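A.B. asks: test case, fold it:
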Amino acid sequence: MSTSSNAGTPLLSLRAGVPGGTRAGLSRLPGTDRKVVLVSVDEDVRRGALAAADSETVAAAAAMALAQRLPLVVVLASSGADIVEGVASLDGWGRAARALAGCSGIVPVVVVTYGLAVSGPALLLGMADAVVMTDAAVAYVSGPAAVREWTGQRLAPGELGGQRVHTRSSGVAAMVAADVGGALEEVAALLDYLPDHADCEPPYWPSGDPRERSTPDLRDLLPMTATGSYDVRDVVREVADDGELLELRAAWAPQLVTALCRIDGFPVGVVANQPQSMAGTLDIAASQKGARFVAFCDSFNVPLLTLVDTPGFMPGKDLEWRGMIRHGAQLVFAYAEATVPRVCLILRKAFGGAYIVMDSKGMGNDICLAWPSAQVAVMGAQGAVQILHRREDAETQARLQVEYEDRYLNPYVAAERGFIDEVIDPADSRRAVASALRLLSTKREKLVTRKHGNGPL
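C.D. replies: Numbering: from 1, shown residues only. The predicted structure follows:
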């Protein structure tokens, strides 16, 4: 499948005379005026095998993206390093990977994969800021034959690394599309929220949606029962300009929503607990998803809005053995390092360690808001009473539970201590968030001089 017909408007070619299936240069994304450095690896040429010259073209494109401070978009389908060239092709892939790493955090890097992405080229997907996979895309480091030989499992390529695997199970794919043309449209939609590079502000888009618009529907959003669910994306749509949002990695760790929207014309990254899935609890995947998104937004100067409604971290032996401590700390580290404007809005439950990691005042948020329904406490009433009064009879425990709820499960105790800046009417959510973000638009932080942090990976 040739990608040339979907590659947009070429403006300048790079290494055009080099043989092989990899082409690169300055281009405009289809249907837009957005300039990017575009790399295209054609699977019709030796099944997209990357010879040393192909990898050098990828590296040269990354160098151009850095020099011109423009987003790098790679359209990729590759069967891996060219085995005919042997170790030279492996060295070339290493150089390409290093060049992409050099772009990280400076210019946006987006990879579109539309066919097979195997071995080393598959790892390029993991290095990108975002990956768009088409329905026909398949990506894995070790293929079905290796899996069968080592484990005895027989899997088709799609079962091992198809689009559904990477949208639901691995979190590799941020967005999906039917074909390359649709994928590039998704790339354009994503870049609409991002600057060309980390030294400039995200693009402002004027909106006819008034900043002071009331959101009365949010008053009736929360269910009557404490365990009832709702779709937190309804909150995002009410607060966002014209009710529009672009959700990334929607099917992976769905108990945490990560999305981009505009508020008062300015791009904003939203991190929100989703009560519809696992009651909004945090597990390993959710922590990784949130950490990756927070770091992504912070890299490109996109302010953060965190919507909190979580009873805590998901308990379980399997989670603890797989590294819940280490992965949960990834979310802590990402928020602690973020220097962009940060607004937190507590909707309902904010318990224990999960309250802290969801951009609490202690983590350094700039403005913390809460609805009157917010419950900020070490834990819920039932758990607290069972610990503190476990020897009491059921009737006494029921009475103590009601007393605990009245005394502690509200936002006002936290507000008295300065952990919440303002308790707001849900109908004022858009106005309050927009005003907070406008106030913080001039925020500047002096970065710590050091080579880099050593966060939990």
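A.B. asks: tell me the spacing between residue 18 and residue 24.
C.D. replies: Separation of residue 18 from residue 24 (CB to CB, to the nearest Å): 10 Å. In this view, the C-beta of every residue, glycine as well, is placed from N, C-alpha and C.
A.B. asks: now do the shared contacts for these two.
C.D. replies: residue 57 (CB atoms under 8 Å, 6 or more residues apart in numbering).
A.B. asks: and those two? Which one has more around it.
C.D. replies: Ranked by neighbour count (other CB atoms under 10 Å), residue 18 and residue 24 place residue 24 first, with 27 against 15.
A.B. asks: wait, that one touches residue 60, no?
C.D. replies: Yes - look at residue 24 against residue 60 with CB atoms under 8 Å: they come within range, at 6.7 Å.
A.B. asks: anything in contact with each of these two?
C.D. replies: Counting by CB under 8 Å, 6+ apart, the residues touching both residue 24 and residue 60 are 14-15.
A.B. asks: now residue 141: how far from residue 126?
C.D. replies: Distance from residue 141 to residue 126, counting by CB to CB: 9 Å.
A.B. asks: same deal with residue 438?
C.D. replies: Residue 438 sits 36 Å away from residue 126, going by CB to CB.
A.B. asks: likewise for residue 70?
C.D. replies: 22 Å.
A.B. asks: who's sitting farthest from the centroid in the protein?
C.D. replies: In the chain, the residue that sits farthest from the middle, by CA atoms, centre = their mean, is residue 393; the gap is 46.7 Å.
A.B. asks: how about the contacts made by residue 57?
C.D. replies: Each residue near residue 57 by CB under 8 Å, 6+ apart is listed here: 14-15, 18, 20, 22-24, 39.
A.B. asks: and it, what element?
C.D. replies: Assigned by DSSP states H and E, residue 57 falls within helix 52-68.
A.B. asks: list the contacts of stretch 440-455.
C.D. replies: Here stretch 440-455 makes contact (CB under 8 Å, 6+ apart) with 266, 303, 329-330, 333-334, 337, 339-343, 366-367.
A.B. asks: just the buried members of the residues you listed?
C.D. replies: Buried members of the contacts of stretch 440-455, counted by 16 or more other CB atoms under 10 Å: 266, 303, 329-330, 333-334, 337, 340-343, 366-367.
A.B. asks: can I get those residues in TSV including secondary structure, distance to residue 173 and pLDDT?
C.D. replies: Compiled in TSV, the buried ones among the contacts of stretch 440-455 are given as follows (DSSP: H, G, I helix; E, B strand; the rest coil; distance: CB to CB, whole Å; pLDDT from 0 to 100):
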residue	secondary structure	distance to residue 173	pLDDT
266	strand	27	96
303	coil	25	98
329	helix	25	94
330	helix	20	95
333	helix	24	95
334	helix	20	96
337	helix	25	94
340	coil	25	97
341	coil	29	97
342	strand	27	98
343	strand	29	98
366	coil	32	97
367	strand	33	97
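A.B. asks: which pair in the residues you listed has the greatest spatial separation?
C.D. replies: Greatest spacing in the buried ones among the contacts of stretch 440-455, by CB to CB: 266 and 329 (30.1 Å).
A.B. asks: where does pLDDT dip in the chain?
C.D. replies: 1-8, 379-386, 388-390, 392, 397, 400-401, 403-404, 406 (pLDDT under 70).
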